[in-house]
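Participant: could you work out the structure for the sequence below:
(one chain, ligands or ions: 1)
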Amino acid sequence: MAVIPFYGSDEPDMFVIERRAMDREGLVIAALDENLPTTGTALDVGAGDGFTAERLTTRTRDVVALEPAARMIRRDRRITWVQGEAECLPFADASFDAAYATWAYFFSRNWDPSPGLAELHRVVRRDGPLLIVDNLGSDEFSTLSLNDLSANTEFWNQRGFACLAIDTHFEFENMIEATALLKLFFGETGVQRAALRLSFRVGLFIGRSAGS
Ligand SMILES: C[S@@+](CC[C@H](N)C(=O)[O-])C[C@H]1O[C@@H](n2cnc3c(N)ncnc32)[C@H](O)[C@@H]1O
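Facilitator: Numbering: from 1, shown residues only. A predicted model of the protein is given here:
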């Protein structure tokens, strides 16, 4: 078991800027909403500060937000929090109708998502949707990095996940916020190429639980 260190615990204000700018159009949340059951309970794995879980909670759909880092958890959000890790979910078999993860745990090419994925199959009822959101690359945001920030689409395809491409943007309030966040992510390159709006290609990988 391992928790991927995440800057949001130490720099909550920067994470607020990130969440406000990233996919400002809300296209990713709209696509998740469309692919989740309208009733029952969904699990958000690596929920961060609960930004997405709060927006996907409806009158008929509950979302349980699972997050390992205590300092990411925002108790002021009206969602249910559970502290835990993707590889060892503290839930019984088939206890959810669906699960999703946005830029969490599975986001690294250098990380093996298999143990976490096995847990998703276990805790989501058979045929319930499993939805994984990650970068697709080849956009203005990702090209600021020297590293490959894109998801391993082959990994997901081989496991029966279809990929829905979503063309969205990072859109900042002002250049102060743009420069601060892009500097944190990309150093001097981020400062020099900071812009109010950057294209951002996202993949929604859509699979189904095989049951435990
Ligand atoms: C890039 S953030 C994304 C947060 C949130 N899903 C969002 O879209 O705003 C990654 C999150 O995954 C969490 N994380 C790291 N290791 C994890 C693990 N092993 N299991 C579950 N979550 C993990 C981090 O603490 C962090 O909150």
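Participant: from residue 8, how far off is the residue nearest to residue 146 when sequence neighbours are not counted?
Facilitator: Of all residues not flanking residue 146 in the chain, residue 189 sits nearest, at 7.9 Å (C-beta to C-beta, 6 or more residues apart in numbering). Every residue, glycine included, has its C-beta placed from N, CA and C. Noted for residue 189: a distance of 21 Å to residue 8, by C-beta to C-beta, to the nearest Å.
Participant: out of these two, which sits in the busier spot?
Facilitator: residue 8 (18 against 15; other C-beta atoms under 10 Å).
Participant: OK, contacts around that one?
Facilitator: Each residue near residue 8 by C-beta atoms under 8 Å, 6 or more residues apart in numbering is listed here: 14-15, 18, 48-49, 69, 72.
Participant: that older thread, show me what the host helix or strand of the residue nearest to residue 146 is packed against.
Facilitator: Per DSSP states H and E, residue 189 falls inside helix 188-192. Packing partners of helix 188-192 (3 or more C-beta pairs under 8 Å, 6 or more residues apart in numbering; DSSP states H and E): helix 175-186.
Participant: the helix it packs on and the ligand in contact?
Facilitator: No - using C-beta under 6 Å from any ligand atom, helix 175-186 stays clear of the ligand, coming no nearer than 11.2 Å.
Participant: in this protein, what residue lies closest to the ligand?
Facilitator: Proximity of the chain to the ligand (C-beta to the nearest ligand atom) peaks at residue 48, 2.6 Å away.
Participant: how much space separates the closest residue in space to that residue that isn't next to it in sequence from residue 6?
Facilitator: Nearest non-adjacent residue to residue 48, counting by C-beta to C-beta, 6+ apart: residue 72, 5.5 Å away. Relative to residue 6, residue 72 is positioned 7 Å away (C-beta to C-beta).
Participant: returning to that earlier point: and the pLDDT for the residue nearest to residue 146?
Facilitator: We have a pLDDT of 96 for residue 189.
Participant: ok, now the one 5 residues further on?
Facilitator: Confidence at residue 194, expressed as pLDDT, is 97.
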